[in-house]
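Colleague: Need a 3D model of the following:
(4 chains)
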Number of protein chains: 2
Amino acid sequence: MTTPGDRPAAEPIPPSRRIAALLREKIISGGYAPGDKLPTERALAQQHGVARNTAAAAIRILAGEGLVDTHQGSGAYVRATPRLIRLGAGRYARNLRASGLSPFGAEVTRQGRTPRVVCTSITRIEPPAEVAERLEISSRDETVVRRENHYFADESPMQIGITYAPWSIVEHSVISHSTTLGPGGIYARFDDLGHSVTRARDELSARMPIPEELAILAIPPGVPVLDLRHVSIDQNGRPFEVSHFAMRADHMAVDYDVPVED
Amino acid sequence: MTTPGDRPAAEPIPPSRRIAALLREKIISGGYAPGDKLPTERALAQQHGVARNTAAAAIRILAGEGLVDTHQGSGAYVRATPRLIRLGAGRYARNLRASGLSPFGAEVTRQGRTPRVVCTSITRIEPPAEVAERLEISSRDETVVRRENHYFADESPMQIGITYAPWSIVEHSVISHSTTLGPGGIYARFDDLGHSVTRARDELSARMPIPEELAILAIPPGVPVLDLRHVSIDQNGRPFEVSHFAMRADHMAVDYDVPVED
DNA sequence: TCGACAAACTGGCTTAAGCCAGTTAAGCAC
DNA sequence: GTGCTTAACTGGCTTAAGCCAGTTTGTCGA
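Modeller: The predicted structure follows:
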């Protein structure tokens, strides 16, 4: 029931949200710098005259927004913005392969960090429907090789990459069975097989990590993953490889530089 | 203290996580279909012999992962995967401008939905450092026009776009002052001014929405935003416009189709 | 048949209390 | 000093109880 002249509700904000907003403001304005420790839950509770649970809820809100890291036994800290690993627009170019460095490795090295890529599994499977469609094969007729890679910078996991290639193409290549692919990486091996990346089709979106990714990437709360689905097209206009990357969105970005047709 | 032969911890999973994992499993496997209602907090609590708070915590975990929507007074429901608005690779092409539809409008229309774009503000400001850098101007010497647009599909907000253009270029164009830009949109007007998009540079990442975006986009918990920074390069290789998009990652994806150089 | 109303129900949010595990720092023994 | 032990502290997580606001549903009356 409102009396005439009342403001349109001006809904009361719950204490947990109000405290979160106060802290958020202070974080964004720089009152708390990256790395700074927030007041303890118990201190916040006392300062604002609420229960500890409510203070904890406020901090949980900020953690969910990716603004704050909590460490059991220690405290809650303003999350530092990490240096971005930026996958450059020219990352599929052939001259990069000549250098022997992967796009990921090149960028991480450029930042003075140490890249590491491990191939955790190589299997031969019936392709998932989505993969078969992108490869323009029928999932009944043809199997694919599935390679799973984990990418690290200074031992921190950064992205998961799953690559699918038709068995008929890679059957006699190291791609089908070896965790090490030799100089120039996988695209150099595809070159050897007569398939050169001539065009790349990428589809990007983002989402919260699934538990498996959370375990592998050790993603803190409030950090989404960039979901990149890639198709490599060869000189004959045929797709010969698809990859699916899940990247820590707080550490990674993807660049594109595309010519605009008429 | 562990005795020899102990398994490496096998750490006990807290009840809230365990219940969340059970529900998650049932959601992913299809036991609960999109739109299905989960048991109520009170029912879950009783079923698993825990307090209602613990059941609520389990559901909050799933909400944070974007798997579940909660509606006060009603229940928690498995979130339906919305149809993706896919911004196609050819979205800057000139022939698209001829059709009179924006890339966003074209895709939404193609899906049988109704697109709407509103320009909420046009201001003349000193460019933020990042914008000045991308436009290759000095923020002291030159001001820019800042246009903010909100994009809707069937009245649901989908993305926020903020466009910056040097005042010296758009001073005498509708771009500097009119919320309606005429046929072909902003790139057609830039064409009129002698600046044709010849190359596009895009940088993509993702993050959780800031409160302002949350308010405009009405984003439910557990949904990140795709953060796209775009630079338009003209026929002389000079940048003439930068845009910053924040897109609901659960409803939108971005495509690229790039030729691979040597 | 239909609308209004009321009761039952559901999630949102809080309080107060407590145990646990990980961290930190002080102090003590050497 | 150096290294260990311990006590204090911090977040993680739970219980039990309760009020509130929004939703659903059943019932009653016109």
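Colleague: and the stretch 151-262 of chain A, which residues reach DNA strand D?
Modeller: By CB under 7 Å from any atom of the strand, no residue of the stretch 151-262 of chain A approaches DNA strand D. No exception for glycine: its C-beta is placed from N, CA and C like everyone else's.
Colleague: Might you list the low-confidence residue ranges for chain A?
Modeller: Within chain A, the segments meeting pLDDT under 70 span A:1-11.
Colleague: which parts of the helix ranked longest in it are buried?
Modeller: The residue-count maximum for a helix in chain A (DSSP state H) belongs to helix A:15-29. Judged by neighbour count using 16 or more other CB atoms under 10 Å in any protein chain shown, the buried positions of helix A:15-29 are A:15, A:16, A:19, A:20, A:23, A:24, A:27.
Colleague: what about that helix and DNA strand C, any contact?
Modeller: Yes - Helix A:15-29 is in contact with DNA strand C by CB under 7 Å from any atom of the strand, via A:15, A:16, A:17.
Colleague: correct me, but residue A:32 touches residue A:25?
Modeller: No - when contacts are counted by CB atoms under 8 Å, residue A:32 is not listed as touching residue A:25 (9.8 Å).
Colleague: just to revisit the earlier point, and the residues of helix A:15-29 next to DNA strand C as CSV, adding distance to residue A:66?
Modeller: Listed next are those as CSV, based on distance: CB to CB, whole Å:
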residue, distance to residue A:66
A:15, 22
A:16, 18
A:17, 17
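Colleague: start to end distance for stretch A:37-55?
Modeller: Distance between the two ends of stretch A:37-55: 15 Å, counting by CA to CA, to the nearest Å.
Colleague: residues making contact with that stretch?
Modeller: Stretch A:37-55 is contacted from outside by A:15-16, A:19, A:23, A:32, A:56, A:58-59, A:68, A:75-78, using CB atoms under 8 Å, 6 or more residues apart in numbering or on different chains.
Colleague: Double-check that residue A:231 belongs to a strand.
Modeller: Yes - assigned with DSSP: H, G, I helix; E, B strand; the rest coil, residue A:231 falls within a strand.
Colleague: Just list whatever residues bridge to it.
Modeller: residue A:201, residue A:242 (DSSP bridges).
Colleague: number of nearby residues for it?
Modeller: 21 (other CB atoms under 10 Å in any protein chain shown).
Colleague: And for the one 4 residues further on?
Modeller: Residue A:235 has 11 neighbouring residues, counting by other CB under 10 Å.
Colleague: pretty sure it is touching residue A:191, no?
Modeller: No - with contact defined as CB under 8 Å, residue A:235 does not reach residue A:191; the gap is 10.3 Å.
Colleague: what does chain A put close to DNA strand C?
Modeller: Chain A comes close to DNA strand C at residues A:14-17, A:49-54, A:57, A:71-74, as judged by CB under 7 Å from any atom of the strand.
Colleague: Can you list the buried residues in stretch A:90-109?
Modeller: So, applying 16+ other CB under 10 Å, buried residues of stretch A:90-109: A:90-94, A:96-97, A:101-108.
Colleague: same check, this time on stretch A:161-178
Modeller: Neighbour counts using 16+ other CB under 10 Å place A:161, A:162, A:163, A:164, A:165, A:166, A:169, A:170, A:173, A:175, A:176 of stretch A:161-178 among the buried residues.
Colleague: Just the C-alphas of that stretch, formatted as CSV.
Modeller: Extracted in CSV, the C-alpha atoms of stretch A:161-178 (Å, rounded to 0.1, in the frame of the first residue of the first chain):
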residue,chain,number,x,y,z
GLY,A,161,42.2,-27.8,-26.3
ILE,A,162,40.5,-30.8,-27.9
THR,A,163,41.4,-31.4,-31.5
TYR,A,164,39.5,-33.8,-33.8
ALA,A,165,40.8,-35.0,-37.2
PRO,A,166,39.5,-37.6,-39.5
TRP,A,167,41.2,-40.9,-39.2
SER,A,168,41.4,-41.2,-42.9
ILE,A,169,43.6,-38.2,-43.0
VAL,A,170,45.9,-38.7,-40.0
GLU,A,171,46.0,-42.5,-39.9
HIS,A,172,49.7,-42.7,-41.0
SER,A,173,50.8,-39.5,-39.3
VAL,A,174,52.2,-38.9,-35.8
ILE,A,175,49.0,-37.0,-35.2
SER,A,176,47.2,-40.2,-34.7
HIS,A,177,49.4,-41.6,-32.0
SER,A,178,52.2,-39.4,-30.8
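Colleague: Name the residues that touch that stretch?
Modeller: A:122, A:124, A:127, A:131, A:135, A:137, A:142-151, A:180-182, A:186, A:189-190, A:192-193, A:195, A:240-245.
Colleague: Swap in 6 Å and give it another go.
Modeller: Stretch A:161-178 is contacted by residues A:131, A:137, A:142-149, A:181, A:189, A:193, A:240-245 when judged by CB atoms under 6 Å, 6 or more residues apart in numbering or on different chains.
Colleague: and the strand or helix carrying residue A:257, how far out from the chain's middle?
Modeller: Residue A:257 is part of strand A:252-259 when elements are defined by DSSP states H and E. From the chain centre to the centre of strand A:252-259 is a distance of 15 Å (CA atoms, centre = their mean, to the nearest Å).
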